[in-house]
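>>> Sequence first, then the predicted structure, then my questions.
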Amino acid sequence: MVHQLDLTPVPLAAAGGGQLLPVTPVLGVVTAVLLAAAVAVAGWGLLGHGHAVLRAGLRAVVQLAAVALVITWVVGSLWWSALFVLLMFTVAVRTAGRRITPGPEWTRAAAPIGAGVLPVLALLLGVGLLPLKGLSVIPVAGILIGGALTATSLAGRRALDELRQRHGEVEAALALGFEPRDARLEICRTAAATSLVPALDQTRTVGLVTLPGAFVGMLLGGATPVQAGAVQLFVLVALLAVESVAIVVVLELVARGLVGAEPVPDGVR
């Protein structure tokens with residue numbers, strides 16, 4: 001049924017107003033304490049991300065406040081909803097691209113993210129499973145784009161790190177007659193493929209270790225456990241497809257030297 005992918009929960013009195021946690025000043029205080037703890041632990045452990053944790057937390061506050069103000073009227077218009085999805089896509093491309101490389105080729109992160117997300121959205125809309133309205137399109141697109149962002153960022157960084165650490169093996173493969181693309185793929189494919197492990201683990205352990213947001217949200221919104229489980233299963237499988245495509249495409253970009261790869265030495269092209 002078309003309405004099965006409407007992930008927006010409807011408040012339920014029986015479920016504490018449809019809220020997973022009560023929104024009170026105590027929630028704000030606890031959130032602030034946890035953020036401070038995260039910053040402190042990152043600093044104490046010399047992880048090198050103390051300031052990044054603080055900035056991420058503060059940005060999340062500002063961004064969620066802005067989205068809360070904007071989303072109520074954005075979802076009322078299909079065109080505004082489409083622009084909002086485009087904004088999410090643009091931010092994802094910049095975030096993943098800059099994680100992979102500081103150079104201007106960060107824009108090429110649009111290829112793996114788009115290749116993973118657009119076919120799935122087109123399929124859902126084409127078969128009528130996803131209603132053509134902002135209230136449904138925005139959350140589904142956000143879930144898929146978020147998954148593609150993570151996979152692209154992790155795969156790109158791991159592939160490039162592997163090529164830098166094992167550049168001698170790449171040169172050896174080139175000397176043996178491998179094409180540059182094939183030589184790079186031979187070295188970095190396995191490392192980049194591990195970027196799919198988080199999605200695999202989440203799918204394998206769903207219901208046993210975690211109860212993901214879509215499942216809990218639909219239960220709080222009044223859906224039956226079967227309906228909530230069916231939608232959550234779709235989300236997990238869709239993320240596997242989206243992230244697999246994103247990893248394959250970003251690997252291709254790295255292998256062809258289009259993103260962050262070092263030039264091939266002269267004489268072995």
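Received it, and whenever you're ready, just let me know what you need.
>>> switch to C-alpha atoms for all contacts and neighbour counts from now on
Will do.
>>> the bottom helix or strand of the protein by mean pLDDT?
helix 213-220 (a mean of 73; mean pLDDT, DSSP states H and E).
>>> buried residues in it?
Burial within helix 213-220, assessed by neighbour count using 16 or more other CA atoms under 10 Å, is assigned to 214-220.
>>> ok, now stretch 200-214?
200, 202-203, 206, 212, 214.
>>> what two of the residues you listed are the furthest from one another?
Checked with CA to CA, the buried residues of stretch 200-214 reach their widest spread between L200 and A214, with 17.2 Å between them.
>>> I'd like to know which elements the helix or strand where D201 lies is packed against.
Secondary structure from DSSP states H and E places D201 in helix 197-205. Helices and strands touching helix 197-205, by 3 or more CA pairs under 8 Å, 6 or more residues apart in numbering; DSSP states H and E, are helix 225-255.
>>> who are the neighbours in contact with R158?
188, 191-192 (CA atoms under 8 Å, 6 or more residues apart in numbering).
>>> could the residues you listed go into TSV alongside neighbour count?
Converted to TSV, those look like this (neighbours: other CA atoms under 10 Å):
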residue	neighbour count
C188	24
A191	18
A192	26
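>>> Closest to L149 out of those residues?
Closest to L149, out of all of those and judged by CA to CA, is A192, at 14.0 Å.
>>> I'd guess the closest one is in a strand, am I close?
No: assigned with DSSP: H, G, I helix; E, B strand; the rest coil, A192 falls outside any strand and is helix.
>>> any idea how far the closest residue to it other than its chain neighbours is from W44?
For A192, ignoring the flanking residues on the chain, the nearest one in space by CA to CA, 6 or more residues apart in numbering is A155 at 4.4 Å. Separation of A155 from W44 (CA to CA, to the nearest Å) stands at 29 Å.
>>> okay, those two: which has more neighbours?
A155 (31 against 11; other CA atoms under 10 Å).
>>> Low-confidence ranges, the stretch 151-269 of the chain, go.
Residues of the stretch 151-269 of the chain that meet the criterion pLDDT under 70 lie in 261-269.
>>> Just say helix, strand or coil for S81.
Assigned state for S81: helix (three-state reduction, three-state DSSP).
>>> Helices of the protein, residue ranges please.
For the chain, helices defined by DSSP state H occupy the ranges 25-44, 50-74, 78-100, 110-126, 134-165, 167-175, 180-193, 197-205, 213-220, 225-255.
>>> and those, which is most packed in?
Stretch with highest mean neighbour count among the helices of the chain: helix 134-165 (a mean of 23; mean count of other CA atoms under 10 Å).
>>> Please tell me how far G48 sits from L35.
16 Å.
>>> cool, and A191?
Distance from A191 to L35, by CA to CA: 31 Å.
>>> for L208, same thing?
27 Å.
>>> Next: A238.
A238 is 31 Å from L35, by CA to CA.
>>> What does the pLDDT read for L78?
Looking at L78, its pLDDT stands at 85.
>>> cool, and L27?
Per-residue pLDDT puts L27 at 85.
>>> and V237, what does it touch?
T203.
>>> let's go with 10 Å and repeat that
With contact set as CA atoms under 10 Å, 6 or more residues apart in numbering, V237 has these partners: 199-200, 203, 231, 243.
>>> which one among these gets closest to L118?
E243 (12.2 Å).
>>> Report whether the expected contact of the closest one with V120 is present.
No: judged on CA atoms under 10 Å, E243 makes no contact with V120 at a distance of 11.3 Å.
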